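**Student:** Using only what follows, build the 3D model:
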Amino acid sequence: MSKPKLKSKAKPAEKPAENLGKSIMESAQQIWLAGLGAFAKAQEEGTKLFENLVKEGMSLEEKTRKLAFGKADEVRGAVESGVNQVKERTQETWDKLEKVFEDRVSRALGKLGVPGRKELNELASRVEELSREIRKLNGGAAKPAARKSTRAKAE
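**Tutor:** Numbering: from 1, shown residues only. As a prediction, this is how the structure comes out:
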């Protein structure tokens, strides 16, 4: 008597097993598709993210270059300014040193009895004047002597 009841219960038990297998297959398929979708989404977003990162990197590199070149120009300007100041000071110092040297040499030559430029020019003028007087006395027969420049020697 109790056997027929078992048979009727066994048949409905097979259907849930089939449904369970089918359900598992459908779930596995959905999981697979979800994974593929996630992969596609990640690939798409990854490409966009990569492109955005490249753009940001280029922007940052450009800003960095501008900043670096700006600083380099600023430093170059400061260095050039400093160099120009040093050149000016050096030139002033050399001019002063040259004047001191010329003054000392002139004084030393004066102490030794060597005539200076002014004295040589006065002497040359006096010689020309005397030459003119001699020509007048000789009746203009003597040719004027060629004047040699004392300036080149004196300098």
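
**Student:** Outline the domain layout of this structure.
**Tutor:** 48-113, 115-155 (automatic domain parsing).

**Student:** Mean pLDDT and mean neighbour count added to those domains, as a markdown table?
**Tutor:** (C-beta placed from N, C-alpha, C; glycine too.) Listed next are the domains of the chain as a markdown table, based on pLDDT from 0 to 100; neighbours: other CB atoms under 10 Å:
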| stretch | mean pLDDT | mean neighbour count |
| --- | --- | --- |
| domain 48-113 | 89 | 10 |
| domain 115-155 | 78 | 11 |
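
**Student:** Of the ones you listed, which is nearest Ala34?
**Tutor:** domain 48-113 (20.7 Å; CB to CB).

**Student:** picking up where we left off before, Serialize the domains of the chain to CSV and add fields for distance to Leu20.
**Tutor:** Putting those into CSV (distance: least, CB to CB, whole Å) gives the following:
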stretch, distance to Leu20
domain 48-113, 41
domain 115-155, 121
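
**Student:** how about those, which one is nearest Gly37?
**Tutor:** Closest among the domains of the chain, using CB to CB: domain 48-113, at 16.3 Å.

**Student:** centroid residue for the chain?
**Tutor:** Ala72 (4.5 Å; CA atoms, centre = their mean).
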